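K.L.:
Whatever this is, show me its structure:
(one chain, ligands or ions: 1)
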Amino acid sequence: MYRFFRPILFLFSPEFIHQAVMLMLGALRFIPWGRSVVKKCCTYQRQSLSKVVFGINFQNPVGLAAGFDKNAEHVNDLACLGFGYIEIGSVTPLAQGGNPKPRSFRLPNDRALINRMGFNNKGVEAVVQNLRRRNPKLVVGANIGKNTLTPNEHAPNDYATCFAALYPHADYFVVNVSCPNVSCLRELQSREQLTAIVRRLTAHRAAQPQRKPILLKLSPDLTPAQIDEALEVIANERLDGVVAANTTTRRDGLQTPQAEVDAIGNGGLSGAPLTQRALEMVRYISRKTHGKLPIIGVGGIMTPQDARNMLQAGAWLIQVYTGFIYQGPMLVKKICREIATA
Ligand SMILES: Cc1cc2nc3c(=O)[nH]c(=O)nc-3n(C[C@H](O)[C@H](O)[C@H](O)COP(=O)(O)O)c2cc1C
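P.N.:
Residues are numbered from 1 along each chain as shown. Purely as a prediction, here's the structure:
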């Protein structure tokens, strides 16, 4: 069905369609049985799919990746599409508009997207208000970042502000230091800068009645030595897991004509060109940590088989974003069916 709709959706800009789809999803709550009908169509429930990871019970391991619902405005609506969990954000302390439009581009020949959104979001206070309305039965992760204008030396304050405000409202946290669209953000993946950020968060967590998991989201462009350094920080600071990976700045091996790719310009590439790299990264991290560190595998999961490969590579949970755009809402159900019957 989505195959017939997709050419029409793809006539419009990705950001326009994103907003239109979110509006339609939101309208479901005003239609009698709207959400329950969609949920019935899109959900595949089996006891064998549920798993406990870092102390949280996930109904299925397929999540919606960060960036889709940055402001947590549609968590309850998106849950109808069969996801086992939703990661909201990236959230920054203050609202910011992000980069000038256009800032999101499709590469249909590569089943890929390039985006340079630049952490556009309504700021942590607005997100907290939205999360107050979330269904408490859903698993919601909060992905946190820093404001673009905050210099890197003050980044720990931004992460700490978001973490403290969101702590009562999210089930787990992801420290995003790997977005290629915020100037110099990826430098925060170095040992010293990462440690400074993470210590602020763990200090806050230590004073809370409930211990909530903190994960690091890494770039697929890191070298093995840089991944090792991040893993050392995770081990030393007793973090709970890793999200591999964010979008890449690489452009090699694309089918899209070079001139078109050049015309798009800067941004993070996601989708099918990332499949192999994300898989290798997850395999590497799993081997390095002897399968003991929880990994959320994300990047280029476009088919149920990609999802299965990611889990076999060592991911404990997975997430989709670009695959959802190209394959449509039934992708989650198809993945769940594949995993359950594997
Ligand atoms: C339009 C867009 C916006 C994104 N925004 C964020 C973000 O705010 N924070 C983040 O950690 N990742 C963000 N991502 C990265 C995704 O969460 C994911 O890591 C990446 O797209 C790879 O997965 P995919 O190939 O399934 O899309 C964004 C991706 C896209 C396409």
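K.L.:
May I see the buried residues of stretch 170-187?
P.N.:
170-182, 185-186 (16 or more other C-beta atoms under 10 Å). For glycine as for every other residue, the C-beta is placed from the backbone atoms N, C-alpha and C.
K.L.:
What about the residue of the chain found nearest the ligand, how many residues nearby?
P.N.:
Nearest to the ligand in the chain, going by C-beta to the nearest ligand atom, is Gly67, at a distance of 2.1 Å. With neighbours defined by other C-beta atoms under 10 Å, the count for Gly67 comes to 25.
K.L.:
Help me confirm that it comes into contact with Ile86.
P.N.:
No - if you go by C-beta atoms under 8 Å, Gly67 and Ile86 don't touch, sitting 11.5 Å apart.
K.L.:
C-terminal to the helix or strand of the chain with the lowest mean pLDDT, what's the next element?
P.N.:
Here the helix or strand of the chain ranked lowest by mean pLDDT, DSSP states H and E is helix 2-9, holding a mean of 86. Downstream of helix 2-9, the next assigned helix or strand under DSSP states H and E is helix 14-27.
K.L.:
What residues sit buried inside the strand or helix carrying Val233?
P.N.:
Assigned by DSSP H and E, Val233 belongs to helix 224-236. Residues Gln226, Ile227, Glu229, Ala230, Leu231, Val233, Ile234 are the ones in helix 224-236 that count as buried (16+ other C-beta under 10 Å).
K.L.:
Please apply the same query to stretch 143-161.
P.N.:
For stretch 143-161, by 16+ other C-beta under 10 Å, it's 143-148, 150, 152, 155-156, 158-161.
K.L.:
got it, and stretch 100-111?
P.N.:
Arg103, Ser104, Phe105, Arg106, Leu107, Asp110, Arg111.
K.L.:
cool, stretch 111-129 as well?
P.N.:
So, applying 16+ other C-beta under 10 Å, buried residues of stretch 111-129: 111-124, 127-128.
K.L.:
Let me know the closest of those to Leu9.
P.N.:
Using C-beta to C-beta, Leu113 comes nearest to Leu9 of those, at 13.3 Å.
K.L.:
So which elements touch the one helix or strand that closest one maps to?
P.N.:
Leu113 belongs to strand 112-115 when assigned by DSSP H and E. For strand 112-115, the elements it packs on are strand 104-107, strand 268-271, helix 322-327, judged by 3 or more C-beta pairs under 8 Å, 6 or more residues apart in numbering; DSSP states H and E.
K.L.:
any idea of the mean pLDDT for that strand?
P.N.:
Taken as a whole, strand 112-115 has a mean pLDDT of 98.
K.L.:
what does stretch 294-307 give?
P.N.:
Stretch 294-307 comes out with an average pLDDT of 98.
K.L.:
related to what we said a few turns ago, out of the buried residues of stretch 111-129, which touch the ligand?
P.N.:
By C-beta under 6 Å from any ligand atom, the members of the buried residues of stretch 111-129 lying near the ligand are Leu113, Asn115, Met117.
K.L.:
For the second one, give the beta-bridge partners.
P.N.:
On the basis of DSSP bridges, Asn115 is bridged to Ser104, Gly268.
K.L.:
show me what contacts it?
P.N.:
Pro14, Gly67, Arg103, Ser104, Phe105, Asn181, Thr247, Gly267, Gly268, Ser270 (C-beta atoms under 8 Å, 6 or more residues apart in numbering).
K.L.:
and if we set it to 10 Å?
P.N.:
Contacts for Asn115 (C-beta atoms under 10 Å, 6 or more residues apart in numbering) come out as 14-15, 67, 98-99, 102-105, 179-181, 247, 264, 267-270, 321-322.
K.L.:
same check, this time on the last one
P.N.:
Applying C-beta under 10 Å, 6+ apart, one finds that Met117 lies in contact with 15, 67, 70, 90, 98-99, 101, 103-104, 179, 181-182, 267-268.
K.L.:
what about the strands in the stretch 151-300 of the chain?
P.N.:
Secondary structure of the stretch 151-300 of the chain (DSSP state E, counting those that start in this stretch): strands at 172-176, 214-218, 241-244, 268-271, 295-298.
K.L.:
Same question for the stretch 1-150 of the chain.
P.N.:
51-53, 56-58, 62-64, 85-91, 104-107, 112-115, 140-144.
K.L.:
Now tabulate those in a markdown table and tack on distance to Arg337.
P.N.:
A markdown table is the format used below for these (distance: least, C-beta to C-beta, whole Å):
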| stretch | distance to Arg337 |
| --- | --- |
| strand 51-53 | 16 |
| strand 56-58 | 17 |
| strand 62-64 | 11 |
| strand 85-91 | 18 |
| strand 104-107 | 27 |
| strand 112-115 | 25 |
| strand 140-144 | 24 |
